[in-house]
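**Student:** Can you look at this prediction? I've put the sequence above it.
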Amino acid sequence: MARILLIEDSPTDTAVLTQLLERNGHQVLASGSAEDGIEVCRRERPDLVLMDVVLPGMNGFQATRALSRDVDTKAIPVLIVSTKGMDTDKAWGMRQGAKDYIVKPPREDELIARINDLIGV
């Protein structure tokens, strides 16, 4: 299946999402900050990025904008997975370059369906 970079600062959310993704056949790379996640994304070229919004330092909106404007990473789809569920948050995330936005906690079937849609499965 896909190589997915998870940019998430919560160890609990990282563990839950990693188990969910691996159970569905995906390989998971994890990063605890936006800055590190951007570097991992440039180096590893994953098939998809799952991005939290509330992160230490640079937030997920800023990181999404950086990835979507970088010539080396702009083709990698970003799916924001956040507790920030207001319509304005979703609209802002999409304006930063995210290809989709889902509110935590995601339902497994919905998250996998959206991932499959973004990676063309």
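**Tutor:** That came through fine. Residues are numbered from 1 along each chain as shown.
**Student:** can we go C-alpha only for contacts and neighbour counts from here?
**Tutor:** Will do.
**Student:** And Val28, which helix or strand is it part of?
**Tutor:** strand 27-31 (DSSP states H and E).
**Student:** which residues are contacting that strand?
**Tutor:** 1-9, 14, 18, 21-22, 37, 40 (Cα atoms under 8 Å, 6 or more residues apart in numbering).
**Student:** Return the list of strands paired to that strand, each annotated with direction.
**Tutor:** Using DSSP bridges, the strands paired with strand 27-31 are strand 3-7 (parallel).
**Student:** Using PDB, list the CA coordinates for the helix or strand following the partner strand.
**Tutor:** Heading C-terminal from strand 3-7, the first helix or strand you meet, by DSSP H and E, is helix 11-23. Only the C-alpha atoms of helix 11-23 are listed here, as PDB (Å, rounded to 0.1, in the frame of the first residue of the first chain):
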ATOM      1  CA  PRO A  11       2.200  10.100  21.500                       C
ATOM      2  CA  THR A  12      -1.300   8.600  22.100                       C
ATOM      3  CA  ASP A  13      -2.700   9.900  18.700                       C
ATOM      4  CA  THR A  14       0.500   8.800  17.000                       C
ATOM      5  CA  ALA A  15       0.200   5.200  18.400                       C
ATOM      6  CA  VAL A  16      -3.500   5.000  17.600                       C
ATOM      7  CA  LEU A  17      -3.200   6.300  14.000                       C
ATOM      8  CA  THR A  18      -0.100   4.200  13.400                       C
ATOM      9  CA  GLN A  19      -1.900   1.000  14.500                       C
ATOM     10  CA  LEU A  20      -4.900   1.900  12.300                       C
ATOM     11  CA  LEU A  21      -2.800   2.600   9.300                       C
ATOM     12  CA  GLU A  22      -0.600  -0.500   9.600                       C
ATOM     13  CA  ARG A  23      -3.700  -2.600  10.200                       C
END
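**Student:** What residues of helix 11-23 count as buried?
**Tutor:** Buried positions in helix 11-23, judged by neighbour count with 16 or more other Cα atoms under 10 Å: 14, 17-18, 20-21.
**Student:** Between strand 27-31 and it, find me the angle.
**Tutor:** 160 degrees (axes from the mean of the first three to the mean of the last three Cα atoms, to 10 degrees).
**Student:** other SSEs contacting helix 11-23?
**Tutor:** The elements that helix 11-23 packs onto, with contact taken as 3 or more Cα pairs under 8 Å, 6 or more residues apart in numbering; DSSP states H and E, are strand 27-31.
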